[in-house]
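*Asks:* give the three-dimensional model of this entry:
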Amino acid sequence: MLKPNQKSKISKKSQVEKMFDTISFEYDFLNGIMTFNSHKRWKKNILNIAKKLKPKNALDIATGTADIAIDIGSIPNCQVVGIDVSQKMLNVGRKKIKKMKLDESVRLETGDAENLNFKDNYFDLVTIGFGVRNFQDLEMGLKESFRVLNKDGTLIILETSLPENIIMKLFYSIFTRTYIPIMARIFSKDKSAYNYLLNSAELFPSGTKFCNILKAVGFADILIKPKLFGSSTIYVCKKQ
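*Replies:* Purely as a prediction, here's the structure:
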């Protein structure tokens, strides 16, 4: 399988779609193993932030198997749309939604983060969990999120990052270069997918660099909330 950062006539977007289709049925299980289930707590942090905003409608971009969309859908009187390029990831998410009887508040659609099929100023809230680093054009994807948000709407992003502390950064590097590949070899039928996820996490412009990109797009009041010694980060910002 081609890696999304490999030179190819196939776009990164198409490669990401194929990759997540391949690992869709194992994704939740391996995500739990590789983060020691910390990702569930971080997603609940997003829910707690969102609850205070009392959104009426929300968009979850790169929704995957719909964990964040389902959480946001539990907010009273909030309608949620989750979009993703991977149909098979969405199918896993739809089963969860049906099981939790949230069909009336959460719906999933195939969608492209860089070409959103929604009107300007449409959503009160946009969330993106572990998805922005997979955008083919990061700035374009963020501009689309900005466009569909209402004035004073909120964007919440959860993404991997590199610890700033030198010692923690060293431990992070050792951990990710040993534990994750071992788990992928044991449990995954597509090892190259997890190599991509690992490499893309290290290359992503996290922290201050990412905040500067958000500011350039037009977002303001940016808050940075590092998680697990900075191995992941929640960013919260406003459209003004």
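
*Asks:* going forward, measure contacts between C-alpha atoms and count neighbours the same way
*Replies:* Fine.

*Asks:* for residue 223, which three-state class applies?
*Replies:* Under the three-state scheme (DSSP: H, G, I helix; E, B strand; the rest coil), residue 223 adopts strand.

*Asks:* tally of neighbours for residue 86?
*Replies:* 26 (other C-alpha atoms under 10 Å).

*Asks:* list the contacts of residue 38.
*Replies:* residue 32 (C-alpha atoms under 8 Å, 6 or more residues apart in numbering).

*Asks:* what of residue 102?
*Replies:* Contacts of residue 102 (C-alpha under 8 Å, 6+ apart): 70, 73, 74.

*Asks:* for the strand or helix carrying the first one, which outside residues touch it?
*Replies:* Pointing back at residue 70 there. Taking DSSP states H and E as the definition, residue 70 sits inside helix 67-73. For helix 67-73, contacts defined as C-alpha under 8 Å, 6+ apart pick out 43-44, 46-47, 50-51, 58-60, 63, 78-82, 93, 97, 102, 105-106, 127, 129.

*Asks:* hmm, which of those are the buried ones?
*Replies:* Taking 16 or more other C-alpha atoms under 10 Å as the criterion, what is buried in these is 43-44, 46-47, 50-51, 58-60, 63, 78-82, 93, 97, 105-106, 127, 129.

*Asks:* from the residues you listed, which ones fall inside strands?
*Replies:* Applying DSSP state E to the buried ones among the contacts of helix 67-73, the entries found in strands are 58, 59, 60, 79, 80, 81, 82, 106, 127, 129.

*Asks:* ok, the fifth one to residue 212 distance?
*Replies:* Relative to residue 212, residue 80 is positioned 28 Å away (criterion: C-alpha to C-alpha, to the nearest Å).

*Asks:* same question, the last one
*Replies:* Distance of residue 129 to residue 212, given as C-alpha to C-alpha: 19 Å.

*Asks:* cool, the fourth one as well?
*Replies:* Taking C-alpha to C-alpha as the measure, residue 79 falls 31 Å from residue 212.

*Asks:* which residues in the chain form helices?
*Replies:* 12-35, 38-53, 67-73, 87-99, 138-148, 166-187, 191-203, 208-217 (DSSP state H).

*Asks:* figure out which of these is closest to residue 227.
*Replies:* Of all these, helix 38-53 sits nearest to residue 227, with 7.6 Å by C-alpha to C-alpha.

*Asks:* now the angle between helix 12-35 and that closest one, please.
*Replies:* Computed by axes from the mean of the first three to the mean of the last three C-alpha atoms, to 10 degrees, the angle separating helix 38-53 from helix 12-35 equals 110 degrees.

*Asks:* cheers, nothing more for now.
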